[in-house]
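[1] Any chance you could fold what I've pasted below:
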Amino acid sequence: MNLGVPKETFPGERRVAMVPGVISSLKKLGIDVLVERGAGEAAGFPDSSYESLAALGSRADVFGAEIVAAVRMAGANPVGSRADLALMRRGQAIIGFADPLTAQDLIEWMKAEEAEIIERLQQSLEGQIELLTEDTFPPGKYSLLEG
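    Next up, the predicted model:
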């Protein structure tokens with residue numbers, strides 16, 4: 001299984017979906033990680049911090065992965081996501097904020113291509129499942145997949 005991490009394209013977005021510290025845990029699970037060159041720069045993680053842990057590649061390489069983990073996809077980044085549609089593939093899992101009610105055309109396309117969209121969820125201490133908001137974590141401090 002492989003997971004791609006693209007550079008965020010939403011204006012002003014400084015976060016990255018995966019910090020280097022979690023990649024070794026994913027590798028132990030048999031998940032190969034491919035990070036787009038420059039993806040972590042704005043969050044304080046230069047390419048050199050990923051080099052020994054993950055492969056670095058182009059945006060097209062990253063979107064060739066079975067799973068793509070991004071901070072903002074679909075309605076949460078409508079301009080950037082429209083540009084990425086040509087890179088997405090049938091049956092791909094997309095993890096990240098999607099804001100599905102604001103970009104219905106993107107969601108319909110993903111649905112037609114059998115792409116799976118997974119928004120960030122967490123279980124509260126009370127056992128309720130909650131959607132993590134964009135303000136839950138400070139930029140560059142936490143990862144999408146870091147527990």
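
[2] which stretches of the protein form strands?
    Along the chain, counting by DSSP state E, strands occupy 2-5, 32-36, 55-57, 67-72, 93-97, 116-118, 121-123, 129-131.

[3] Would you mind saying which of these lies nearest residue 23?
    strand 32-36 (5.1 Å; C-beta to C-beta). From N, CA and C alone the C-beta is placed, and that goes for glycine too.

[4] tilt between that closest one and strand 67-72?
    40 degrees (axes from the mean of the first three to the mean of the last three C-alpha atoms, to 10 degrees).

[5] And strand 32-36, what does it pack against?
    strand 2-5, helix 23-28, strand 55-57, helix 59-62 (3 or more C-beta pairs under 8 Å, 6 or more residues apart in numbering; DSSP states H and E).

[6] how many neighbours does residue 53 have?
    16 (other C-beta atoms under 10 Å).

[7] no wait, residue 51
    Residue 51: 12 neighbours (other C-beta under 10 Å).

[8] Give me the pLDDT value at it.
    You'll see residue 51 listed with a pLDDT of 96.

[9] How about residue 90, nearest residue that isn't a chain neighbour?
    Nearest-residue entry for residue 90: residue 113, 4.8 Å, with adjacent residues in sequence omitted and distances by C-beta to C-beta, 6 or more residues apart in numbering.

[10] isn't that neighbour right next to residue 89, touching?
    Yes: between residue 113 and residue 89 there is a contact at 7.4 Å, judged by C-beta atoms under 8 Å.

[11] coming back round to it: between the helices and strands packed on strand 32-36, which gets the lowest average pLDDT?
    Taking the mean pLDDT of those, helix 23-28 comes last: a mean of 92.

[12] For that one, list every residue counted as buried.
    The neighbour-count check on helix 23-28 (16 or more other C-beta atoms under 10 Å) flags 23, 26 as buried.
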